[in-house]
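**Q** attaching a predicted model along with its sequence, questions to come.
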Amino acid sequence: MGCAKTGSGKTAAFVLPILQKLSEDPYGIFCLVLTPTRELAYQIAEQFRVLGKPLGLKDCIIVGGMDMVSQALELSKKPHVVIATPGRLADHIRSSNTFSMKRIKFLVMDEADRLLEQGCTDFTEELQVILGAIPAKRQTLLFSATLTDTLQELKSVAMNKPFFWESTSEVKTVEQLDQKYLLVPEKVKDAYLVHLIQKFQDEHEDWSIIIFTSTCKDCQILNMMLRRFNFPSIALHSMMKQKERFAALGRFKSSFYKILIATDLASRGLDIPTVQVVINHNTPGLPKIYIHRVGRTARAGRSGLAITLVTQYDIHLVHSIEEQIKMKLIEYAVKESEVLNILTQVNVTRRACEIKLEGTDFDEKKEINKRKQLILEGKDPDLEAKRKAELEKLKKQKKKFKEHIRDAIRKEKDDQIRRKQKKKQQE
Ligand SMILES: Nc1ncnc2c1ncn2[C@@H]1O[C@H](COP(=O)(O)OP(=O)(O)OP(=O)(O)O)[C@@H](O)[C@H]1O
(Lines give C-alpha, C1' and ligand atoms only; values in the text may rest on other atoms or scores of the structure.)
Protein backbone atom coordinates (compact mmCIF):
# COMPACT_ATOMS: atom_id res chain seq x y z
CA MET A 1 0.00 0.00 0.00
CA GLY A 2 1.41 3.32 -1.03
CA CYS A 3 0.11 6.64 0.16
CA ALA A 4 1.65 9.85 -1.14
CA LYS A 5 0.40 13.32 -1.98
CA THR A 6 -1.45 14.15 -5.19
CA GLY A 7 0.81 14.69 -8.20
CA SER A 8 3.82 13.08 -6.54
CA GLY A 9 4.20 10.31 -9.14
CA LYS A 10 2.46 7.26 -7.72
CA THR A 11 1.67 5.94 -11.20
CA ALA A 12 5.32 5.62 -12.21
CA ALA A 13 5.97 4.14 -8.77
CA PHE A 14 3.99 1.06 -9.72
CA VAL A 15 4.43 1.08 -13.52
CA LEU A 16 8.24 0.96 -13.46
CA PRO A 17 8.71 -1.99 -11.06
CA ILE A 18 5.99 -3.94 -12.87
CA LEU A 19 7.74 -3.35 -16.21
CA GLN A 20 11.00 -4.48 -14.61
CA LYS A 21 9.40 -7.76 -13.50
CA LEU A 22 7.68 -8.16 -16.86
CA SER A 23 10.98 -7.80 -18.70
CA GLU A 24 12.39 -10.73 -16.68
CA ASP A 25 9.55 -13.06 -17.67
CA PRO A 26 7.27 -11.55 -20.31
CA TYR A 27 3.84 -13.10 -20.89
CA GLY A 28 0.19 -12.06 -21.01
CA ILE A 29 -1.89 -11.38 -19.04
CA PHE A 30 0.82 -10.41 -16.54
CA CYS A 31 -0.75 -7.52 -14.69
CA LEU A 32 -4.19 -6.05 -14.01
CA VAL A 33 -4.72 -2.42 -13.06
CA LEU A 34 -8.10 -1.33 -11.72
CA THR A 35 -9.15 2.28 -11.49
CA PRO A 36 -12.48 3.99 -10.74
CA THR A 37 -12.91 6.15 -13.87
CA ARG A 38 -12.60 5.54 -17.59
CA GLU A 39 -10.55 8.68 -18.16
CA LEU A 40 -8.06 7.56 -15.56
CA ALA A 41 -7.74 4.15 -17.21
CA TYR A 42 -6.63 5.84 -20.45
CA GLN A 43 -4.17 8.04 -18.58
CA ILE A 44 -2.56 5.07 -16.81
CA ALA A 45 -2.38 3.15 -20.09
CA GLU A 46 -0.56 6.12 -21.61
CA GLN A 47 2.11 5.93 -18.89
CA PHE A 48 2.48 2.17 -19.43
CA ARG A 49 2.86 2.80 -23.17
CA VAL A 50 5.49 5.53 -22.80
CA LEU A 51 7.55 3.70 -20.20
CA GLY A 52 7.00 0.23 -21.69
CA LYS A 53 7.80 1.14 -25.29
CA PRO A 54 11.36 -0.28 -25.21
CA LEU A 55 9.89 -3.62 -24.09
CA GLY A 56 7.30 -3.68 -26.86
CA LEU A 57 4.59 -3.63 -24.21
CA LYS A 58 1.07 -4.64 -25.26
CA ASP A 59 -1.70 -3.11 -23.20
CA CYS A 60 -5.47 -3.27 -23.31
CA ILE A 61 -8.02 -0.81 -21.91
CA ILE A 62 -11.33 -2.23 -20.70
CA VAL A 63 -13.81 0.48 -19.74
CA GLY A 64 -17.54 1.05 -19.99
CA GLY A 65 -19.10 3.15 -22.73
CA MET A 66 -16.83 1.63 -25.41
CA ASP A 67 -17.35 -1.25 -27.82
CA MET A 68 -17.41 -4.55 -25.96
CA VAL A 69 -16.70 -6.82 -28.94
CA SER A 70 -13.43 -5.14 -29.88
CA GLN A 71 -12.45 -5.19 -26.21
CA ALA A 72 -13.10 -8.95 -26.04
CA LEU A 73 -10.94 -9.42 -29.13
CA GLU A 74 -8.10 -7.44 -27.57
CA LEU A 75 -8.34 -9.45 -24.36
CA SER A 76 -8.08 -12.69 -26.32
CA LYS A 77 -4.76 -11.49 -27.79
CA LYS A 78 -3.14 -11.79 -24.33
CA PRO A 79 -1.93 -8.26 -23.67
CA HIS A 80 0.79 -7.91 -21.02
CA VAL A 81 -1.21 -5.39 -19.03
CA VAL A 82 -4.96 -4.86 -18.71
CA ILE A 83 -6.12 -1.49 -17.40
CA ALA A 84 -9.78 -1.54 -16.49
CA THR A 85 -12.71 -0.05 -14.65
CA PRO A 86 -14.33 -2.75 -12.49
CA GLY A 87 -17.83 -2.79 -14.02
CA ARG A 88 -16.84 -3.51 -17.61
CA LEU A 89 -14.11 -6.00 -16.68
CA ALA A 90 -16.58 -7.94 -14.52
CA ASP A 91 -18.99 -7.98 -17.50
CA HIS A 92 -16.28 -9.54 -19.70
CA ILE A 93 -15.44 -12.15 -17.07
CA ARG A 94 -19.12 -13.09 -16.73
CA SER A 95 -19.80 -13.26 -20.44
CA SER A 96 -16.64 -14.52 -22.10
CA ASN A 97 -14.27 -17.48 -21.93
CA THR A 98 -11.84 -16.31 -24.57
CA PHE A 99 -9.33 -14.90 -22.10
CA SER A 100 -7.80 -15.97 -18.80
CA MET A 101 -6.42 -13.94 -15.95
CA LYS A 102 -5.36 -17.01 -13.99
CA ARG A 103 -1.65 -16.22 -14.32
CA ILE A 104 -1.56 -12.56 -13.39
CA LYS A 105 1.27 -11.67 -11.01
CA PHE A 106 0.21 -8.16 -10.06
CA LEU A 107 -3.11 -6.57 -9.23
CA VAL A 108 -2.93 -2.80 -8.88
CA MET A 109 -5.79 -0.82 -7.40
CA ASP A 110 -5.22 2.81 -8.22
CA GLU A 111 -7.30 5.24 -6.14
CA ALA A 112 -7.79 2.16 -3.95
CA ASP A 113 -9.86 3.89 -1.28
CA ARG A 114 -12.40 4.92 -3.91
CA LEU A 115 -12.52 1.40 -5.36
CA LEU A 116 -13.07 -0.12 -1.95
CA GLU A 117 -15.46 2.54 -0.70
CA GLN A 118 -19.03 1.39 -0.21
CA GLY A 119 -20.99 4.44 -1.23
CA CYS A 120 -23.16 5.59 -4.08
CA THR A 121 -21.06 3.88 -6.75
CA ASP A 122 -20.24 0.67 -5.02
CA PHE A 123 -17.76 -1.66 -6.75
CA THR A 124 -18.08 -4.53 -4.24
CA GLU A 125 -19.94 -6.96 -6.51
CA GLU A 126 -17.69 -6.31 -9.49
CA LEU A 127 -14.56 -6.68 -7.36
CA GLN A 128 -15.80 -10.03 -6.09
CA VAL A 129 -16.19 -11.27 -9.66
CA ILE A 130 -12.73 -9.99 -10.61
CA LEU A 131 -11.00 -11.38 -7.52
CA GLY A 132 -12.60 -14.74 -8.27
CA ALA A 133 -11.00 -14.76 -11.73
CA ILE A 134 -7.42 -14.00 -10.70
CA PRO A 135 -5.01 -16.19 -8.72
CA ALA A 136 -4.91 -15.87 -4.94
CA LYS A 137 -1.12 -15.96 -5.10
CA ARG A 138 -0.24 -12.55 -6.49
CA GLN A 139 1.06 -9.23 -5.33
CA THR A 140 -1.69 -6.70 -4.69
CA LEU A 141 -0.77 -3.02 -4.76
CA LEU A 142 -2.98 -0.25 -3.46
CA PHE A 143 -2.30 3.41 -4.14
CA SER A 144 -3.98 6.67 -3.25
CA ALA A 145 -3.30 10.08 -1.75
CA THR A 146 -5.91 9.27 0.91
CA LEU A 147 -5.40 5.71 2.04
CA THR A 148 -5.26 6.05 5.80
CA ASP A 149 -8.90 5.17 6.57
CA THR A 150 -8.91 2.20 4.21
CA LEU A 151 -5.67 0.95 5.74
CA GLN A 152 -7.22 0.03 9.07
CA GLU A 153 -10.01 -1.92 7.41
CA LEU A 154 -7.66 -3.74 5.09
CA LYS A 155 -5.17 -4.60 7.77
CA SER A 156 -7.89 -6.52 9.52
CA VAL A 157 -8.85 -8.58 6.47
CA ALA A 158 -5.48 -9.03 4.71
CA MET A 159 -4.12 -12.58 4.83
CA ASN A 160 -0.50 -11.47 5.03
CA LYS A 161 0.87 -8.53 6.93
CA PRO A 162 0.61 -5.73 4.39
CA PHE A 163 3.52 -3.44 3.71
CA PHE A 164 2.44 0.16 4.05
CA TRP A 165 4.44 3.12 2.81
CA GLU A 166 3.31 6.64 3.51
CA SER A 167 5.15 9.85 2.64
CA THR A 168 5.92 11.53 5.92
CA SER A 169 4.34 14.92 6.11
CA GLU A 170 2.03 16.51 8.61
CA VAL A 171 0.14 18.57 6.01
CA LYS A 172 -1.90 16.36 3.68
CA THR A 173 -1.84 18.71 0.68
CA VAL A 174 1.03 19.86 -1.52
CA GLU A 175 3.33 22.62 -0.20
CA GLN A 176 3.33 24.57 -3.47
CA LEU A 177 -0.45 24.78 -3.40
CA ASP A 178 -1.91 28.10 -2.34
CA GLN A 179 -5.21 27.26 -0.63
CA LYS A 180 -7.84 29.96 -0.27
CA TYR A 181 -11.50 30.24 0.56
CA LEU A 182 -14.04 32.86 -0.37
CA LEU A 183 -17.05 33.39 1.85
CA VAL A 184 -20.02 34.11 -0.40
CA PRO A 185 -23.77 34.23 0.15
CA GLU A 186 -25.39 31.27 -1.65
CA LYS A 187 -27.48 33.48 -3.92
CA VAL A 188 -24.56 35.44 -5.37
CA LYS A 189 -22.12 32.58 -5.75
CA ASP A 190 -22.15 32.64 -9.54
CA ALA A 191 -21.35 36.35 -9.72
CA TYR A 192 -18.23 35.67 -7.64
CA LEU A 193 -17.33 32.78 -9.92
CA VAL A 194 -17.67 34.88 -13.07
CA HIS A 195 -15.65 37.64 -11.43
CA LEU A 196 -12.85 35.22 -10.51
CA ILE A 197 -12.69 33.73 -13.97
CA GLN A 198 -12.68 37.14 -15.63
CA LYS A 199 -9.83 38.19 -13.36
CA PHE A 200 -7.74 35.10 -14.11
CA GLN A 201 -8.42 35.42 -17.84
CA ASP A 202 -7.36 39.07 -17.82
CA GLU A 203 -4.25 38.59 -15.72
CA HIS A 204 -3.05 35.15 -16.81
CA GLU A 205 -4.09 34.35 -20.33
CA ASP A 206 -2.25 31.03 -20.38
CA TRP A 207 -3.75 29.57 -17.18
CA SER A 208 -6.06 26.59 -17.33
CA ILE A 209 -8.78 26.34 -14.71
CA ILE A 210 -10.89 23.46 -13.38
CA ILE A 211 -14.18 24.30 -11.70
CA PHE A 212 -15.74 21.52 -9.63
CA THR A 213 -19.49 21.35 -9.17
CA SER A 214 -21.66 19.05 -7.06
CA THR A 215 -24.05 17.76 -9.75
CA CYS A 216 -24.16 17.04 -13.49
CA LYS A 217 -26.95 19.57 -13.88
CA ASP A 218 -25.03 22.33 -12.16
CA CYS A 219 -22.03 21.47 -14.30
CA GLN A 220 -24.13 21.74 -17.46
CA ILE A 221 -25.78 25.02 -16.43
CA LEU A 222 -22.49 26.64 -15.39
CA ASN A 223 -20.97 25.69 -18.72
CA MET A 224 -23.90 27.18 -20.62
CA MET A 225 -23.62 30.31 -18.51
CA LEU A 226 -19.87 30.78 -18.90
CA ARG A 227 -20.20 30.25 -22.66
CA ARG A 228 -22.71 33.11 -22.75
CA PHE A 229 -20.04 35.27 -21.15
CA ASN A 230 -17.70 34.15 -23.95
CA PHE A 231 -15.41 32.14 -21.70
CA PRO A 232 -13.64 29.19 -23.39
CA SER A 233 -15.27 26.53 -21.22
CA ILE A 234 -16.25 22.88 -21.62
CA ALA A 235 -18.17 20.48 -19.37
CA LEU A 236 -17.25 16.99 -18.17
CA HIS A 237 -19.76 14.85 -16.30
CA SER A 238 -21.19 11.35 -16.28
CA MET A 239 -24.37 12.25 -18.19
CA MET A 240 -22.30 12.90 -21.31
CA LYS A 241 -21.68 10.12 -23.82
CA GLN A 242 -18.28 8.50 -23.38
CA LYS A 243 -16.99 9.82 -26.71
CA GLU A 244 -18.01 13.36 -25.69
CA ARG A 245 -16.26 12.89 -22.35
CA PHE A 246 -12.98 11.90 -24.00
CA ALA A 247 -13.29 14.70 -26.55
CA ALA A 248 -13.95 17.30 -23.85
CA LEU A 249 -10.97 16.17 -21.81
CA GLY A 250 -8.76 16.06 -24.91
CA ARG A 251 -9.66 19.62 -25.87
CA PHE A 252 -9.03 20.84 -22.35
CA LYS A 253 -5.70 19.01 -22.15
CA SER A 254 -4.57 20.57 -25.42
CA SER A 255 -5.61 24.01 -24.06
CA PHE A 256 -8.16 24.49 -26.84
CA TYR A 257 -10.55 25.16 -23.97
CA LYS A 258 -8.98 26.82 -20.94
CA ILE A 259 -11.80 26.14 -18.50
CA LEU A 260 -13.08 22.71 -17.53
CA ILE A 261 -16.27 22.49 -15.51
CA ALA A 262 -16.51 19.05 -14.00
CA THR A 263 -18.17 16.92 -11.38
CA ASP A 264 -16.13 14.68 -9.10
CA LEU A 265 -15.70 12.41 -12.08
CA ALA A 266 -12.55 14.48 -12.69
CA SER A 267 -11.51 14.91 -9.06
CA ARG A 268 -9.13 11.96 -8.85
CA GLY A 269 -5.92 11.17 -10.64
CA LEU A 270 -6.19 13.35 -13.72
CA ASP A 271 -2.77 14.75 -14.56
CA ILE A 272 -2.93 17.97 -16.60
CA PRO A 273 0.20 20.06 -16.07
CA THR A 274 -1.31 23.33 -17.40
CA VAL A 275 -3.94 23.51 -14.65
CA GLN A 276 -3.00 26.49 -12.50
CA VAL A 277 -6.27 26.99 -10.64
CA VAL A 278 -8.92 24.77 -9.10
CA ILE A 279 -12.16 26.42 -8.05
CA ASN A 280 -14.58 24.52 -5.85
CA HIS A 281 -17.98 25.91 -6.81
CA ASN A 282 -19.36 23.91 -3.90
CA THR A 283 -17.46 23.11 -0.71
CA PRO A 284 -16.71 19.37 -0.85
CA GLY A 285 -18.69 17.40 1.72
CA LEU A 286 -15.70 15.22 2.62
CA PRO A 287 -12.11 16.31 3.29
CA LYS A 288 -10.74 13.55 1.07
CA ILE A 289 -12.76 14.82 -1.88
CA TYR A 290 -11.25 18.24 -1.23
CA ILE A 291 -7.73 16.76 -1.17
CA HIS A 292 -8.21 15.04 -4.54
CA ARG A 293 -9.94 18.01 -6.20
CA VAL A 294 -7.31 20.58 -5.27
CA GLY A 295 -4.66 18.04 -6.20
CA ARG A 296 -5.50 18.59 -9.87
CA THR A 297 -3.16 21.57 -9.68
CA ALA A 298 0.33 22.06 -8.18
CA ARG A 299 1.46 18.71 -9.56
CA ALA A 300 5.02 17.36 -9.88
CA GLY A 301 6.58 20.27 -8.02
CA ARG A 302 4.65 23.01 -9.84
CA SER A 303 2.75 25.77 -8.08
CA GLY A 304 -1.02 26.14 -8.09
CA LEU A 305 -3.97 27.93 -6.56
CA ALA A 306 -7.17 26.45 -5.10
CA ILE A 307 -10.16 28.61 -4.20
CA THR A 308 -13.15 27.15 -2.40
CA LEU A 309 -16.43 29.03 -2.48
CA VAL A 310 -17.96 28.73 0.96
CA THR A 311 -21.53 29.72 1.74
CA GLN A 312 -23.07 30.35 5.12
CA TYR A 313 -24.14 26.69 5.22
CA ASP A 314 -20.69 25.22 4.58
CA ILE A 315 -18.54 26.63 7.34
CA HIS A 316 -18.50 23.37 9.33
CA LEU A 317 -17.28 21.56 6.17
CA VAL A 318 -14.31 23.93 5.90
CA HIS A 319 -13.47 23.24 9.53
CA SER A 320 -13.39 19.50 8.96
CA ILE A 321 -11.29 19.98 5.81
CA GLU A 322 -8.80 22.12 7.76
CA GLU A 323 -8.68 19.58 10.54
CA GLN A 324 -7.93 16.78 8.11
CA ILE A 325 -5.36 18.54 5.93
CA LYS A 326 -3.70 20.02 9.03
CA MET A 327 -3.62 23.60 7.82
CA LYS A 328 -5.87 26.64 7.67
CA LEU A 329 -7.31 28.01 4.45
CA ILE A 330 -6.71 31.70 3.91
CA GLU A 331 -9.40 34.15 2.86
CA TYR A 332 -9.19 35.27 -0.77
CA ALA A 333 -9.78 38.99 -1.20
CA VAL A 334 -12.02 40.27 -3.99
CA LYS A 335 -13.32 43.70 -4.85
CA GLU A 336 -16.97 43.42 -3.80
CA SER A 337 -17.96 46.43 -5.91
CA GLU A 338 -16.81 44.64 -9.07
CA VAL A 339 -18.91 41.62 -8.16
CA LEU A 340 -21.93 43.84 -7.49
CA ASN A 341 -21.57 45.39 -10.94
CA ILE A 342 -22.14 42.05 -12.66
CA LEU A 343 -24.56 40.54 -10.17
CA THR A 344 -27.82 41.17 -12.03
CA GLN A 345 -26.39 40.19 -15.39
CA VAL A 346 -25.04 36.92 -13.99
CA ASN A 347 -28.27 36.01 -12.22
CA VAL A 348 -30.39 36.77 -15.28
CA THR A 349 -28.05 34.72 -17.47
CA ARG A 350 -28.13 31.78 -15.06
CA ARG A 351 -31.93 31.84 -14.98
CA ALA A 352 -32.05 31.91 -18.79
CA CYS A 353 -29.73 28.89 -18.92
CA GLU A 354 -31.83 27.02 -16.36
CA ILE A 355 -34.96 27.64 -18.43
CA LYS A 356 -33.16 26.48 -21.56
CA LEU A 357 -32.02 23.29 -19.86
CA GLU A 358 -35.50 22.61 -18.51
CA GLY A 359 -36.69 22.72 -22.12
CA THR A 360 -34.39 19.80 -22.95
CA ASP A 361 -34.75 16.21 -21.67
CA PHE A 362 -31.77 16.51 -19.31
CA ASP A 363 -33.60 15.43 -16.11
CA GLU A 364 -35.55 12.74 -17.92
CA LYS A 365 -32.37 11.38 -19.46
CA LYS A 366 -30.81 11.15 -16.01
CA GLU A 367 -33.73 9.11 -14.69
CA ILE A 368 -33.68 6.81 -17.73
CA ASN A 369 -29.92 6.28 -17.38
CA LYS A 370 -30.31 5.44 -13.72
CA ARG A 371 -33.10 2.93 -14.38
CA LYS A 372 -31.14 1.35 -17.23
CA GLN A 373 -28.10 0.92 -15.00
CA LEU A 374 -30.16 -0.72 -12.25
CA ILE A 375 -31.82 -3.13 -14.69
CA LEU A 376 -28.38 -4.03 -16.06
CA GLU A 377 -27.32 -4.81 -12.50
CA GLY A 378 -30.34 -7.10 -12.18
CA LYS A 379 -32.16 -4.78 -9.75
CA ASP A 380 -35.74 -3.52 -9.74
CA PRO A 381 -35.62 0.30 -10.14
CA ASP A 382 -38.85 0.86 -8.17
CA LEU A 383 -37.77 -1.31 -5.27
CA GLU A 384 -34.37 0.36 -5.28
CA ALA A 385 -36.01 3.81 -5.12
CA LYS A 386 -38.05 2.72 -2.11
CA ARG A 387 -34.97 1.28 -0.42
CA LYS A 388 -33.03 4.46 -1.09
CA ALA A 389 -35.79 6.64 0.37
CA GLU A 390 -35.84 4.51 3.53
CA LEU A 391 -32.05 4.71 3.80
CA GLU A 392 -32.18 8.49 3.38
CA LYS A 393 -34.73 8.71 6.16
CA LEU A 394 -32.54 6.61 8.45
CA LYS A 395 -29.49 8.69 7.56
CA LYS A 396 -31.33 11.91 8.39
CA GLN A 397 -32.44 10.52 11.75
CA LYS A 398 -28.89 9.41 12.49
CA LYS A 399 -27.52 12.83 11.52
CA LYS A 400 -30.03 14.59 13.70
CA PHE A 401 -29.14 12.34 16.61
CA LYS A 402 -25.43 12.97 16.10
CA GLU A 403 -25.98 16.73 15.95
CA HIS A 404 -28.02 16.52 19.12
CA ILE A 405 -25.21 14.69 20.91
CA ARG A 406 -22.61 17.10 19.54
CA ASP A 407 -24.62 20.09 20.74
CA ALA A 408 -25.05 18.52 24.15
CA ILE A 409 -21.29 17.89 24.43
CA ARG A 410 -20.51 21.41 23.27
CA LYS A 411 -22.95 22.84 25.78
CA GLU A 412 -21.47 20.76 28.56
CA LYS A 413 -17.95 21.94 27.62
CA ASP A 414 -19.05 25.57 27.55
CA ASP A 415 -20.72 25.15 30.94
CA GLN A 416 -17.55 23.61 32.33
CA ILE A 417 -15.46 26.55 31.06
CA ARG A 418 -17.96 29.02 32.47
CA ARG A 419 -17.96 27.25 35.85
CA LYS A 420 -14.17 27.27 35.93
CA GLN A 421 -14.02 30.97 35.06
CA LYS A 422 -16.58 31.77 37.73
CA LYS A 423 -14.64 29.77 40.29
CA LYS A 424 -11.44 31.62 39.37
CA GLN A 425 -13.16 34.97 39.68
CA GLN A 426 -14.51 33.99 43.09
CA GLU A 427 -11.01 32.94 44.21
N1 LIG B 1 10.52 11.31 -11.10
C2 LIG B 1 9.73 12.20 -11.70
N3 LIG B 1 10.21 13.40 -12.10
C4 LIG B 1 9.42 14.31 -12.69
N5 LIG B 1 8.13 14.11 -12.96
C6 LIG B 1 7.60 12.96 -12.60
C7 LIG B 1 8.36 11.92 -11.94
N8 LIG B 1 7.56 10.89 -11.68
C9 LIG B 1 6.34 11.23 -12.15
N10 LIG B 1 6.36 12.44 -12.71
C11 LIG B 1 5.24 13.17 -13.32
O12 LIG B 1 4.46 13.73 -12.26
C13 LIG B 1 3.11 13.85 -12.68
C14 LIG B 1 2.17 13.35 -11.61
O15 LIG B 1 2.28 11.95 -11.50
P16 LIG B 1 1.03 11.01 -11.21
O17 LIG B 1 -0.09 11.33 -12.11
O18 LIG B 1 1.55 9.62 -11.18
O19 LIG B 1 0.65 11.51 -9.73
P20 LIG B 1 -0.12 10.75 -8.58
O21 LIG B 1 0.78 10.68 -7.41
O22 LIG B 1 -0.69 9.49 -9.09
O23 LIG B 1 -1.28 11.82 -8.28
P24 LIG B 1 -2.82 11.61 -7.91
O25 LIG B 1 -2.85 11.21 -6.46
O26 LIG B 1 -3.41 12.93 -8.15
O27 LIG B 1 -3.33 10.53 -8.80
C28 LIG B 1 2.99 13.10 -14.00
O29 LIG B 1 2.95 14.03 -15.06
C30 LIG B 1 4.27 12.29 -14.06
O31 LIG B 1 4.68 12.08 -15.38
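**A** Looks like it arrived, so ask away.
**Q** and residue 389, what's its pLDDT?
**A** For residue 389, the pLDDT comes out at 80.
**Q** if you could redo that for residue 372, that was the one I meant.
**A** 69.
**Q** can you tell me the closest non-neighbouring residue to residue 330?
**A** Closest residue in space to residue 330, ignoring its immediate chain neighbours: residue 180 at 5.4 Å, by CB to CB, 6 or more residues apart in numbering. Backbone N, C-alpha and C define where each C-beta goes, glycine included.
**Q** the stretch 51-200 of the chain: helices as residue ranges?
**A** For the stretch 51-200 of the chain, the helices defined by DSSP state H, counting those that start in this stretch cover 68-76, 86-95, 112-116, 124-133, 148-157, 189-203.
**Q** number of nearby residues for residue 254?
**A** 10 (other CB atoms under 10 Å).
**Q** by mean pLDDT, show me the worst of the helices of the stretch 51-200 of the chain.
**A** helix 148-157 (a mean of 70).
**Q** count of neighbours near residue 139?
**A** Neighbour tally, residue 139, other CB under 10 Å: 14.
**Q** no no, residue 204
**A** Neighbour count of residue 204, defined by other CB under 10 Å: 14.
**Q** now it. Nearest residue, chain neighbours left out?
**A** Here the residue nearest residue 204, using CB to CB, 6+ apart, is residue 276, at 6.8 Å.
**Q** these two touch, right, that neighbour and residue 203?
**A** No. Under the criterion of CB atoms under 8 Å, residue 276 is not in contact with residue 203, lying 11.0 Å apart.
**Q** more neighbours, those two?
**A** Using other CB under 10 Å, the more surrounded residue of residue 276 and residue 203 is residue 276, with 19 against 8.
**Q** tell me what the helix or strand containing the more buried one is packed against?
**A** Using DSSP states H and E, residue 276 falls within strand 275-280. Counting contacts by 3 or more CB pairs under 8 Å, 6 or more residues apart in numbering; DSSP states H and E, strand 275-280 packs against helix 189-203, strand 208-212, helix 287-294, strand 304-310.
**Q** which residues sit in contact with the residue nearest the centre of the chain?
**A** For the chain, the residue sitting closest to the mean C-alpha position, by CA atoms, centre = their mean, is residue 267 at 3.1 Å. Going by CB atoms under 8 Å, 6 or more residues apart in numbering, residue 267 touches 212, 289, 292-293, 296.
**Q** need phi/psi at it.
**A** Dihedral pair for residue 267: phi -80, psi -20, per degrees, to the nearest 10.
**Q** quick revisit: OK, contacts around the residue nearest to residue 204?
**A** 204, 207-209, 297, 303-305.
**Q** give me the nearest residue to the residue in the stretch 51-200 of the chain that the ligand sits nearest to, chain neighbours excluded.
**A** Relative to the ligand, the nearest point of the stretch 51-200 of the chain is residue 145 (4.0 Å; CB to the nearest ligand atom). Among residues not flanking residue 145 along the chain, residue 6 sits closest, at 4.6 Å (CB to CB, 6+ apart).
**Q** what residues does the stretch 151-300 of the chain have near the ligand?
**A** Applying CB under 6 Å from any ligand atom, we find that the stretch 151-300 of the chain lies next to the ligand at 269, 271, 295, 299-300.
**Q** ignore what I typed, I meant the stretch 1-150 of the chain.
**A** Counting by CB under 6 Å from any ligand atom, the residues of the stretch 1-150 of the chain near the ligand are 4, 6-12, 145.
**Q** so what pLDDT did the residue nearest to residue 204 get?
**A** 97.
**Q** any idea how far the ligand is from it?
**A** 15 Å (CB to the nearest ligand atom, to the nearest Å).
**Q** next one: residue 351
**A** For residue 351, the distance to the ligand - CB to the nearest ligand atom - is 36 Å.
**Q** looks to me like that residue is in a helix.
**A** Yes. Counting by DSSP: H, G, I helix; E, B strand; the rest coil, residue 351 is part of a helix.
**Q** look up the closest residue to residue 36, ignoring the ones flanking it.
**A** Closest residue in space to residue 36, ignoring its immediate chain neighbours: residue 114 at 4.6 Å, by CB to CB, 6+ apart.
**Q** and residue 393, what's its pLDDT?
**A** Taking residue 393 on its own, its pLDDT is 85.
**Q** the one helix or strand it maps to - contacts with which helices or strands?
**A** Here residue 393, judged by DSSP H and E, is contained in helix 381-426. The contact analysis (3+ CB pairs under 8 Å, 6+ apart) places helix 381-426 against helix 362-376.
**Q** show me where the stretch 1-150 of the chain has strands.
**A** For the stretch 1-150 of the chain, the strands defined by DSSP state E, counting those that start in this stretch cover 2-3, 31-34, 59-62, 81-84, 106-110, 139-144.
**Q** which helices and strands does the last one pack with?
**A** Spelled out, that is strand 139-144. Using 3+ CB pairs under 8 Å, 6+ apart, strand 139-144 sits against strand 2-3, helix 10-24, strand 106-110, helix 112-116, helix 148-157.
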